[in-house]
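**Q** sequence first, predicted model second:
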Amino acid sequence: MTNLSQRHIISILLAAAISLPLPAFADPATNTATGTSAAPIVVSGAVPDESTKNAILTKVRGIYGADRVVDQLTVGGVAAPANWALHVQQAIVPGLKTVRKGLFSVTGNNVSLRGEVGSDDEKQQVSSAVQSALHATYNSKLDLKVVQPTAAQGLLDNVLANRIVEFESGSSKLTPAGTQLLDEMATAMAKVGNKKVSIIGHTDGQGNRNSNLKLSLARAEAVKSYLTQKGIPADNMTTEGLGPDRPIAPNNTDDGRRRNRRIEFNVLP
């Protein structure tokens, strides 16, 4: 649930924190454009005790459904502000179900939410709900963008689902698993016609930021090159490298870093 910067990673060792990556598709549980089953909701971070853990999981399960929620919370070794569990539960509002491709986090008394919503009304409703639910001692950073999903975008999202285009470590060279996934993506992109697609590379938060920016762009370019070889017109694709700046998971776990090292495909208007 959190957009964790390096500063947040340090604080996560000292203060209670939870992270909730928001799925590519907003509810309902099955995306009507693609038939894709709802993605799991992974709750991760560190909480002070079992009762806090259970309270938070109960709230998330109540919103998303017990079958979708994956528990990766750790217990102990962190401090929390007074009544933290209660305040976190209040901040996890039902309107989060309308947010996609984002991250919701609470680290100590700092709350962060970013992602996409389908309309200005949804943006206002979710923002107001989170702000109204927050205790006066909590700080918030809300960054919601209005993006109306299309059938073409749903088709590409469906190919990726929860999978990641894999590269060799520290390199822009695709692995066999990476090329296999891109073969599927090439088939999907051929179906979207002449729509332009932005290929965006991301890295985890380890290492030098400037080096990661260069690596993420090199990986996006490698993906474009491979898809061009598969018959997708080069003019239909743009590339961008955002390095570690837009994580979808905490960078303090192996699984979180793995999920942050990713390629996104966005159909442009």
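**A** Yep, that arrived. Numbers count the residues shown, from 1 in each chain.
**Q** for the rest of this, base every contact and every neighbour count on C-alpha atoms.
**A** Noted.
**Q** what's the spacing between stretch 192-200 and its chain's center?
**A** Relative to the centre of its chain, stretch 192-200 is centred 20 Å away, using Cα atoms, centre = their mean, to the nearest Å.
**Q** so for that stretch, mean pLDDT?
**A** Stretch 192-200 carries an average pLDDT of 93.
**Q** one more: stretch 240-251?
**A** 84.
**Q** contacts for the longest helix along the chain, please.
**A** For the chain, the helix with the greatest residue count under DSSP state H is helix 209-229. With Cα atoms under 8 Å, 6 or more residues apart in numbering as the contact definition, helix 209-229 has outside contacts at 167, 170-174, 179, 182-183, 186, 199-203, 234, 237-244, 263.
**Q** beyond it, next helix or strand please.
**A** The helix or strand immediately downstream of helix 209-229 is strand 237-241, counting by DSSP states H and E.
**Q** is Ser198 in a helix, a strand, or coil?
**A** For Ser198, the secondary-structure state derived from DSSP: H, G, I helix; E, B strand; the rest coil is strand.
**Q** residues in a beta bridge with it, which ones?
**A** Thr238, Asn266 (DSSP bridges).
**Q** that one and Glu168, how far apart?
**A** 22 Å (Cα to Cα, to the nearest Å).
**Q** repeat for Ser119
**A** Taking Cα to Cα, one finds Ser119 at 39 Å from Glu168.
**Q** what about these two, which has more around it?
**A** Per other Cα atoms under 10 Å, whichever of Ser119 and Glu168 has more neighbours is Ser119, with 14 against 11.
**Q** so what's the more buried one closest to, chain neighbours aside?
**A** The shortest distance from Ser119 to any non-neighbouring residue, by Cα to Cα, 6 or more residues apart in numbering, is to Val146 (5.4 Å).
**Q** bridging residues for that neighbour?
**A** Under the criterion used (DSSP bridges), Val146 bridges to Val117.
**Q** got the contact list for it?
**A** Glu116, Val117, Gly118, Ser119, Asp120, Lys123.
**Q** let's see that with 10 Å instead.
**A** Val99, Gly115, Glu116, Val117, Gly118, Ser119, Asp120, Asp121, Glu122, Lys123 (Cα atoms under 10 Å, 6 or more residues apart in numbering).
**Q** helices along the chain, start to end?
**A** For the chain, the helices defined by DSSP H occupy 6-12, 50-64, 84-91, 120-133, 151-160, 176-191, 209-229, 254-260.
**Q** now these in TSV, with distance to Pro23?
**A** Shown next, in TSV, are the helices of the chain (distance: least, Cα to Cα, whole Å):
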stretch	distance to Pro23
helix 6-12	22
helix 50-64	11
helix 84-91	18
helix 120-133	16
helix 151-160	10
helix 176-191	19
helix 209-229	22
helix 254-260	12
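**Q** can I get those helices in TSV including mean neighbour count and distance to Leu142?
**A** Shown next, in TSV, are those (neighbours: other Cα atoms under 10 Å; distance: least, Cα to Cα, whole Å):
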stretch	mean neighbour count	distance to Leu142
helix 6-12	15	16
helix 50-64	17	19
helix 84-91	19	12
helix 120-133	16	7
helix 151-160	20	24
helix 176-191	17	32
helix 209-229	20	23
helix 254-260	17	20
